[in-house]
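Trainee: Okay, sequence plus prediction incoming.
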2 protein chains.
Amino acid sequence: MNLKQYLHDKKTIIEASMEQYMLKGDSLLAGHIETMRYSLFAGGKRIRPILCIAAAETLGSHNNAILPVAMSLECIHTYSLIHDDLPAMDNDDLRRGKPTSHVKFGEAAAILAGDGLLTFSFDLLSAPTLTSQISAETQVKLIQVLAQSAGSLGMVGGQAIDIDSEGKEIDFDTLRTLHSCKTGALITASVQMGAILGNATPAEYKAFTNYGRHIGLAFQIVDDLLNVTATTEQLGKKAGSDAELDKATYPAFFGIEGTRTKARQAVDDAITCLEPFDHRCEPLRELAHYIYSRNK
Amino acid sequence: MNLKQYLHDKKTIIEASMEQYMLKGDSLLAGHIETMRYSLFAGGKRIRPILCIAAAETLGSHNNAILPVAMSLECIHTYSLIHDDLPAMDNDDLRRGKPTSHVKFGEAAAILAGDGLLTFSFDLLSAPTLTSQISAETQVKLIQVLAQSAGSLGMVGGQAIDIDSEGKEIDFDTLRTLHSCKTGALITASVQMGAILGNATPAEYKAFTNYGRHIGLAFQIVDDLLNVTATTEQLGKKAGSDAELDKATYPAFFGIEGTRTKARQAVDDAITCLEPFDHRCEPLRELAHYIYSRNK
């Protein structure tokens, strides 16, 4: 398959549906909604919604309900970037090659844009439009997976551990927990939510979950690597910031080559998890390779 | 009825269930969870969960599922206080007589505590424990009401309009929208969620909704009034801050006495909405009076 074309096609579909489902408000809210749109439509790779769709399609599901579900993942991801970039957090000025939300709109507006996007994710998943397409039981399952993965025992917790760990010596177990919460949880949830929409059996759900965990790990390892090896221009966000903030990372533990090997191993492990599935899992297999070889 | 006793009893039940349902994490997350607990257990009046329970009980419902549902409202309310108090927002040092979250734990931890509590609300409403007690359809309805009222067209949007309006001349229509979004939406949702759990008919739901809107308005008018007339010691948060931030308020439009009249009218309107209900709505009637006469 042509992964580049696949990514392009899915991104186009996802962004069109995001335009369709994005909330509209009256003129008093125009500024707030514009702040949310600025970050949401800043040209992300849309990896999480694509993973969600690819998982559902592996099971033969082509339900249009996938689109607002996929969008809910992108809203959560975008909110997390806005809040992580804040001066009190990672203090980043650049994201996807553009000024970060607080640089562009001020801190208060950025915090509220994040809060708005986070809440809107759950609005999307509980919306009457979705209720007409999938069962309420499925909606509740999707919401539970998203809330758990994005919350204090998942992504928010990972960021809290990350902030706590700055400038401290942390052991590898702590780094692993940090990564699996901060990045792994939402990536795993993306695959799980696609699996739920595809009516996965318990065994299939488990296989998807393990696949998600391995690519989540690979994703974070490669992120750590790119922070050291890539340029700011290439990344569209500040390179070298981990070292500057004295953050524990894979390269700090294993060096560049050792880290590459770990990432490669995580991708191989992910692909092994796809064995129960037929040829329709090919996009998931290619996505695992892509996560390893991406350069931004 | 003895409202003081009623408020005390409900608060005791709510706080005990909050202890029970509050999330637990491993030692790496201890700091983050402590930050959430600090604000959640800071001695709030628990008005929103009490309204939720009182609405359900007006319809004769005594389902224990009400407790995590009521808690979800308190989590959302608490997160909104933490984020509103941030230096970039209202920059308040004192809340409920204690240092605000960012003063106590730093800004990054406070932002994450807010994010964690917001997400946890939806975790509570989609949790398997709740699934065993109420239908998935009811869960989805509760989640939709909470997401809409707390989100960009509700509470978050109201705060965005508030921040946008600082130091600007705004007209009364804008102030009304601001109030109904920022404070009214979540108070209305509290009553609506109780009504949903009590299996309200459409006509009953409408009556509860109107009651909620009127007491939400009364609540915000009294808040504006107390900001002018009460002391910092009495409020447990900074008095006079609205004037300092040059915020549009009811007293700025109508003076102290005119504002009192408006609040009284809103309470009367709320009580009129309770006419379809039998004696079991008495707590809701007394709560409307309490919202008018409270002094903090």
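Mentor: That came in fine, so what should we check first?
Trainee: Now do the host helix or strand of A:Leu146: which elements does it pack against?
Mentor: In the assignment (DSSP states H and E), A:Leu146 maps to helix A:136-150. Secondary-structure packing of helix A:136-150 (3 or more C-beta pairs under 8 Å, 6 or more residues apart in numbering or on different chains; DSSP states H and E): helix A:66-85, helix A:107-125, helix A:185-197, helix B:107-125, helix B:136-150. Using the backbone N, CA and C atoms, a C-beta is placed for each residue, glycine as well.
Trainee: okay, those helices in a markdown table with distance to B:Arg48 next?
Mentor: Conversion of these to a markdown table gives the following (distance: least, C-beta to C-beta, whole Å):
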| stretch | distance to B:Arg48 |
| --- | --- |
| helix A:66-85 | 23 |
| helix A:107-125 | 16 |
| helix A:185-197 | 29 |
| helix B:107-125 | 11 |
| helix B:136-150 | 10 |
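Trainee: okay if I get the ones you listed as a markdown table plus mean pLDDT?
Mentor: Putting the helices and strands packed on helix A:136-150 into a markdown table (pLDDT from 0 to 100) gives the following:
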| stretch | mean pLDDT |
| --- | --- |
| helix A:66-85 | 98 |
| helix A:107-125 | 98 |
| helix A:185-197 | 98 |
| helix B:107-125 | 98 |
| helix B:136-150 | 98 |
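Trainee: So which of those is nearest A:Thr231?
Mentor: Among those, the nearest to A:Thr231 by C-beta to C-beta is helix A:66-85 (18.8 Å).
Trainee: Which pLDDT value belongs to A:Trp91?
Mentor: I think there's a mix-up here, since residue A:91 is Asn and not Trp. A:Asn91 carries a pLDDT value of 93.
Trainee: Now it. Nearest residue, chain neighbours left out?
Mentor: Once flanking residues are discounted, A:Asn91 sits nearest to A:Asp85: 7.6 Å by C-beta to C-beta, 6 or more residues apart in numbering or on different chains.
Trainee: Who are the packing partners of the longest helix along chain A?
Mentor: As assigned by DSSP state H, the longest helix anywhere in chain A is helix A:202-229. Other elements packing on helix A:202-229 under the criterion 3+ C-beta pairs under 8 Å, 6+ apart are helix A:47-58, helix A:172-179, helix A:185-197, helix A:241-244, helix A:250-272, helix A:282-293.
Trainee: Buried residues of it, list them for me.
Mentor: By neighbour count on 16 or more other C-beta atoms under 10 Å in any protein chain shown, the buried set for helix A:202-229 is A:204-205, A:207-229.
Trainee: After that helix, which helix or strand is next? Please name it.
Mentor: Toward the C-terminus, helix A:202-229 is succeeded by helix A:232-235 as the next helix or strand (DSSP H and E).
Trainee: hang on, the earlier thing: what's the first helix or strand after the helix holding A:Leu146?
Mentor: helix A:155-165.
Trainee: angle of that following helix against helix A:185-197?
Mentor: For helix A:155-165 against helix A:185-197, the angle by axes from the mean of the first three to the mean of the last three C-alpha atoms, to 10 degrees is 170 degrees.
Trainee: what are the C-alpha coordinates of helix A:155-165, in PDB please?
Mentor: Taking C-alpha atoms only, helix A:155-165 is exported to PDB below (Å, rounded to 0.1, in the frame of the first residue of the first chain):
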ATOM      1  CA  MET A 155      -2.200  11.800  30.000                       C
ATOM      2  CA  VAL A 156      -2.700  14.500  32.700                       C
ATOM      3  CA  GLY A 157      -1.000  12.300  35.300                       C
ATOM      4  CA  GLY A 158       1.900  11.700  32.900                       C
ATOM      5  CA  GLN A 159       2.300  15.500  32.400                       C
ATOM      6  CA  ALA A 160       2.200  15.900  36.200                       C
ATOM      7  CA  ILE A 161       5.000  13.300  36.700                       C
ATOM      8  CA  ASP A 162       6.900  15.000  33.900                       C
ATOM      9  CA  ILE A 163       6.700  18.400  35.600                       C
ATOM     10  CA  ASP A 164       7.600  16.900  39.000                       C
ATOM     11  CA  SER A 165      10.600  15.200  37.500                       C
END
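Trainee: and it, anywhere near chain B?
Mentor: Yes - Helix A:155-165 lies within reach of chain B by C-beta under 8 Å from any C-beta of the partner chain, at A:Val156, A:Gly157, A:Gln159, A:Ala160, A:Ile161, A:Ile163, A:Asp164.
Trainee: Mean neighbour count and distance to A:Ser39 for the helices and strands packed on helix A:136-150 - can I get that in TSV?
Mentor: Output for the helices and strands packed on helix A:136-150, formatted as TSV (neighbours: other C-beta atoms under 10 Å in any protein chain shown; distance: least, C-beta to C-beta, whole Å):
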stretch	mean neighbour count	distance to A:Ser39
helix A:66-85	25	5
helix A:107-125	27	6
helix A:185-197	28	16
helix B:107-125	27	15
helix B:136-150	24	19
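Trainee: quick one, which of these is nearest to A:Leu3?
Mentor: A:Leu3 lies closest to helix A:185-197 among the helices and strands packed on helix A:136-150, at 16.9 Å (C-beta to C-beta).
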